[in-house]
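Q: The amino acid sequence is not available; the structure is as follows:
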């Protein structure tokens, strides 16, 4: 004859809703929960014993382990409570629907154990993974009606800007602010100076020679207006969660920089170009062709192809021709003193024949940028067609001119950097 305790225990063992049964009759505590609780209790007791023995440092370390174990237990209990409070109704079969569902009679008894093993974050074996796959939920992300509607899409309204180099050639030339639309500047022409002629020893006044007078030149400018506008629907500006207005202003400012580069390059490309045999032609320009007044502070402006050509050159001892600039770690020096300014290939391209640009000298002495008014960006909701079309119009206006000042301040060289024209081997040191 079985006792009441044995009969009650037998009923609990047959109940599928009970995951495990403690021998004291408590329902619902899993083996993992028992282990976690026991671990916390053991660590706490060990910490107390160490404290009683005067081993405070060891007791403190043991207490930290006990706290960590307690946190692990709390996390487990919270997750367990979430699962116990999750009630999933039986699916209602629609007309004509024939949803396949596993036969309870065929359900493997180890499924629940495997399921909670996965919940605890433990690694599953291949066999356990097969068990999980057989009974996994049928909710699919492929179709909205099968559950895809409840899975959020990764949609961002943030404007992600692609990184790119935006060269600003204006910083390398001479910017001259002006207050009128037209004007001129006078400069002395460069000329050879001859010495005074000597007087006779008797002071004959007829021996004095007339000297040549200075010659002058004039550089003129004529300001032009360059402008554009961009209409944007007000609803976009109002409904966007991004700082769209500020973004558009920055975007228009980039157009202004592109305009500056275009007109500065027009002047530079107007200089006479000469093809150099190799890198030694750069030395000839620095040593001979440029006036020492420019050569001493000359900069070498090139593009990515030109820099790549120079950066690969080594002397016969295997040392690179270009050296790091001690004052600016990201820049390199040619011949130890002349900085290399690298422009994007998109800003100034290598020719179709493979000739890369090497503009050598002082651009601030060679090119003038006449600035009547820096870029002006304004916007309106009522002017132009904005009021009738419910838009905000962004308008940008630039007033400028560019021109050469002293073309002898730079030499525009070109070197063939293509694979067929770039075979220098070891260079002279």
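A: Structure received. Everything quoted here is computed from the prediction, not taken from an experiment.
Q: What is the helix or strand hosting residue 78 packed up against?
A: Taking DSSP states H and E as the criterion, residue 78 maps to helix 56-84. Here helix 56-84 touches helix 31-52, going by 3 or more CB pairs under 8 Å, 6 or more residues apart in numbering; DSSP states H and E. (Each C-beta comes from the backbone N, C-alpha and C, glycine too.)
Q: how big is the angle separating the helix holding residue 78 from helix 31-52?
A: On the basis of axes from the mean of the first three to the mean of the last three CA atoms, to 10 degrees, helix 56-84 is oriented at 160 degrees to helix 31-52.
Q: Low-confidence stretches in this protein?
A: Across the chain, the ranges flagged by pLDDT under 70 are 1-28, 80-122, 131-165, 190-194, 196-210, 239-242, 419-429.
Q: Now do the helices in it.
A: For the chain, applying DSSP state H gives helices covering 4-14, 31-52, 56-84, 111-119, 126-134, 234-239, 244-269, 280-284, 292-295, 304-311, 363-366, 386-389.
Q: Check which residues of the helix holding residue 78 are buried.
A: 59, 62, 63, 65, 66, 69, 70, 73, 76, 80 (16 or more other CB atoms under 10 Å).
Q: what's the closest of the residues you listed to residue 317?
A: Nearest to residue 317 among the buried residues of helix 56-84, counting by CB to CB, is residue 65 at 61.8 Å.
Q: Which residue is the nearest non-sequential neighbour of that closest one?
A: residue 43 (5.2 Å; CB to CB, 6 or more residues apart in numbering).
Q: Start and end of stretch 286-306, how far apart?
A: Length of stretch 286-306, first residue to last, CA to CA, to the nearest Å: 17 Å.
Q: separation between residue 224 and residue 172?
A: 21 Å (CB to CB, to the nearest Å).
Q: In terms of neighbours, single out the busier of these two.
A: residue 172 (20 against 14; other CB atoms under 10 Å).
Q: what's near enough to touch residue 221?
A: 178, 182, 183, 184, 368, 370, 401, 403 (CB atoms under 8 Å, 6 or more residues apart in numbering).
Q: Adding distance to residue 413 and neighbour count, write those residues out as TSV.
A: Below are those laid out as TSV (distance: CB to CB, whole Å; neighbours: other CB atoms under 10 Å):
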residue	distance to residue 413	neighbour count
178	32	17
182	34	11
183	33	16
184	31	8
368	22	22
370	27	23
401	27	20
403	22	18
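Q: what's the most distant pair in the residues you listed?
A: 182 and 368 (14.2 Å).
Q: contacts for stretch 250-262?
A: Contacts of stretch 250-262 (CB under 8 Å, 6+ apart): 166-170, 226, 228, 230, 347, 369, 375, 377, 394, 396, 398, 400.
Q: Of those residues, grab the buried ones for PyMOL.
A: One line in PyMOL is enough to select the buried ones among the contacts of stretch 250-262; burial here means 16+ other CB under 10 Å:
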select buried, resi 167+169+170+226+347+369+375+377+394+396+398+400
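Q: out of the contacts of stretch 250-262, which are inside strands?
A: 226, 228, 230, 369, 375, 377, 394, 396, 398, 400 (DSSP state E).
Q: Since that was my last question, I'll sign off now.
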